[in-house]
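**Q** the following comprises the amino acid sequence and a computationally predicted model.
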Amino acid sequence: QKEVEQDPGPLSVPEGAIVSLNCTYSNSAFQYFMWYRQYSRKGPELLMYTYSSGNKEDGRFTAQVDKSSKYISLFIRDSQPSDSATYLCAMSIYNFNKFYFGSGTKLNVKP
Amino acid sequence: DVKVTQSSRYLVKRTGEKVFLECVQDMDHENMFWYRQDPGLGLRLIYFSYDVKMKEKGDIPEGYSVSREKKERFSLILESASTNQTSMYLCASSSGLGGELFFGEGSRLTVL
């Protein structure tokens, strides 16, 4: 079983829709959670970083962490065609220099 | 903003050639990483460094070596490139324990 599971998609939505992207994990020691956006042939860009359960909002993006369920989500409001990319979740354990990544979900926002 | 710069975006090399991939970060981060990213396999850690001249093997170190002579610079070396090393190589850095991880733009290497 992978430590981090993420549905690869593709996920196709119309412009303006609310998008929900999710990851589940098995290791209860994970404390730090990140979401990245990766455009084709580019490096991953850090979108959100959280280290506790609950919600964190930044513009159209909201990251949600539920440690009891070992489940994290990224919500994108008013999605735009420019949001079309692959979204990666990542997590880490304090005191270890290792990061665990999901396989990425490919999102397509149609105009 | 944190900036991680990879010197070469696209490289084409021949089998057996020695390849250097350079990475520089401008935020005084202790930790630097090299990953490769392949379709269906995701991100895999090759090597990481937690201090100058210090390095540790990741999950797939075979065929690679690294060098960290200065805190801001971390190099990945392919001693004798092979076709199965054709991939996207990503450098990353973080400030330390529990810190955010920042990536460079990537270096797409093709080995013929």
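**A** Cool, the structure landed.

**Q** tell me the secondary structure for the residue of chain A found nearest chain B?
**A** Here chain A gets closest to chain B at one residue, residue A:43, 4.2 Å apart by C-beta to the nearest C-beta. Where C-beta positions appear, they are placed from N, C-alpha and C, glycine not excepted. Assigned with DSSP: H, G, I helix; E, B strand; the rest coil, residue A:43 falls in the coil class.

**Q** and it, how close does it get to residue A:78?
**A** Distance, residue A:43 to residue A:78, using C-beta to C-beta, to the nearest Å: 26 Å.

**Q** the more surrounded of these two?
**A** Set residue A:43 next to residue A:78 and count neighbours by other C-beta atoms under 10 Å in any protein chain shown: residue A:43 wins out with 23 against 12.

**Q** does the more buried one touch residue B:103 like I think?
**A** Yes: with contacts counted by C-beta atoms under 8 Å, residue A:43 reaches residue B:103, the gap being 4.2 Å.

**Q** residues of the longest strand along chain B that come out buried?
**A** Counting residues, the longest strand found in chain B (DSSP state E) is strand B:42-51. Judged by neighbour count (16 or more other C-beta atoms under 10 Å in any protein chain shown), strand B:42-51 contains these buried residues: B:42, B:43, B:45, B:46, B:47, B:48, B:49, B:50.

**Q** show me where chain B has helices.
**A** Assigned by DSSP state H, chain B shows no helices.

**Q** shaky segments in it?
**A** Counting by pLDDT under 70, chain B has low-confidence residues at B:1-2, B:97-98.

**Q** could you redo the last one with a cut-off of 80?
**A** Within chain B, the stretches with pLDDT under 80 are B:1-2, B:96-99.

**Q** show me what from it comes close to chain A.
**A** Counting by C-beta under 8 Å from any C-beta of the partner chain, chain B comes close to chain A at B:4, B:6, B:31, B:33, B:42-43, B:45, B:48, B:50, B:56, B:88, B:90, B:94, B:97-98, B:100-106, B:108.

**Q** just these: which are in strands?
**A** Short answer: these in strands (DSSP E) are B:4, B:6, B:31, B:33, B:42-43, B:45, B:48, B:50, B:56, B:88, B:90, B:94, B:101-103, B:108.
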